[in-house]
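Asker: sequence and predicted model, in that order:
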Amino acid sequence: MAWMRNLASQVILIRNSSLHGVAEEAPGAYKDVGAVVEASQRAGLARKVARLRPLVAITG
């Protein structure tokens, strides 16, 4: 899977016992957070105050 190699090149490691679980975490499975933030701000639902970068995600 090319996206897994891309993540590994960024030192982002995925540990999962099944390929199904890994596929659920593929970057393409999520909406573009920047677009969601922009839409929320334009709609008056939120105001941008900071940009965050995730360090760890644990699911299960």
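Answerer: All right, it came through fine. Numbering: from 1, shown residues only.

Asker: any idea how far residue 16 is from residue 53?
Answerer: Distance of residue 53 to residue 16, computed by C-beta to C-beta, to the nearest Å: 22 Å. (C-beta placed from N, C-alpha, C; glycine too.)

Asker: comparing the two, which shows the higher neighbour count?
Answerer: Legend: neighbour count by other C-beta atoms under 10 Å for residue 53 and residue 16, higher for residue 16 (13 against 4).

Asker: which element is the spatially closest residue to residue 22 that is not a sequence neighbour on?
Answerer: Using C-beta to C-beta, 6 or more residues apart in numbering and skipping residues adjacent in sequence, the residue nearest residue 22 is residue 16, 4.7 Å away. Of the helices and strands defined by DSSP states H and E, none includes residue 16.

Asker: pull the longest helix from the protein.
Answerer: Longest helix in the chain, counting residues (DSSP state H): helix 33-42.

Asker: pull the CA atoms of that one into PDB?
Answerer: The C-alpha coordinates for helix 33-42 follow below in PDB (Å, rounded to 0.1, in the frame of the first residue of the first chain):
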ATOM      1  CA  VAL A  33      -9.600  19.100   8.100                       C
ATOM      2  CA  GLY A  34      -8.600  22.500   6.600                       C
ATOM      3  CA  ALA A  35     -11.700  22.500   4.400                       C
ATOM      4  CA  VAL A  36     -13.900  21.600   7.400                       C
ATOM      5  CA  VAL A  37     -12.400  24.400   9.500                       C
ATOM      6  CA  GLU A  38     -12.900  26.900   6.700                       C
ATOM      7  CA  ALA A  39     -16.500  25.900   6.200                       C
ATOM      8  CA  SER A  40     -17.200  26.100  10.000                       C
ATOM      9  CA  GLN A  41     -15.600  29.500  10.200                       C
ATOM     10  CA  ARG A  42     -17.600  30.800   7.100                       C
END
